[in-house]
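Visitor: Give me coordinates for this.
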Amino acid sequence: PRDAAYEAYIKHLSPFHGWTLRKLFPASLSQIPDRQALIAQFGEVTLDELNEEYDSEVVTKLRSLVKALGPLLSTWERDFVRLDLEDIRRV
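Guide: Below you'll find the predicted structure:
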């Protein structure tokens, strides 16, 4: 999860961040737990309770969530552009 989050940050947010945020944001990503801990947190179980079957169930639910959010995020993005709310200045 850390590597994916870092790559997404570099690709999508970093170009809009000034020096301070480009230094701080990646440091905050180091606090993301490893995959098993992340799945356990999403599944609201302890690491000891996590097994392959429950892991698969949680991942399936997360994939459904991402699939459901895709159209919503696309609509928001179109509306931001249509309403001229997209601000790409550096912060």
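
Visitor: This structure: strands as residue ranges?
Guide: Residue ranges of strands cannot be listed for the chain, since DSSP state E assigns none.

Visitor: other SSEs contacting the helix ranked longest in it?
Guide: When the chain is parsed with DSSP state H, its longest helix is helix 52-82. When contacts are defined as 3 or more C-beta pairs under 8 Å, 6 or more residues apart in numbering; DSSP states H and E, helix 52-82 packs onto helix 35-43. Quick note: C-beta positions are derived from backbone N, CA and C, even for glycine.

Visitor: Convert the helix it packs on to PDB, retaining C-alpha atoms only.
Guide: As requested, the backbone C-alpha atoms of helix 35-43 are provided in PDB (Å, rounded to 0.1, in the frame of the first residue of the first chain):
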ATOM      1  CA  ARG A  35      -1.100  -4.900   3.500                       C
ATOM      2  CA  GLN A  36      -2.300  -7.400   6.100                       C
ATOM      3  CA  ALA A  37      -2.800  -4.700   8.700                       C
ATOM      4  CA  LEU A  38      -4.600  -2.500   6.300                       C
ATOM      5  CA  ILE A  39      -7.000  -5.400   5.300                       C
ATOM      6  CA  ALA A  40      -7.500  -6.200   8.900                       C
ATOM      7  CA  GLN A  41      -8.400  -2.600   9.700                       C
ATOM      8  CA  PHE A  42     -10.900  -2.400   6.800                       C
ATOM      9  CA  GLY A  43     -12.400  -5.700   7.900                       C
END
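
Visitor: and it, what's its mean pLDDT?
Guide: Here the mean pLDDT over helix 35-43 is 93, rounded to a whole number.

Visitor: got the contact list for that helix?
Guide: By C-beta atoms under 8 Å, 6 or more residues apart in numbering, the residues outside helix 35-43 that reach it are 1, 32-33, 46-47, 49-50, 54-55, 57-59, 61-62.
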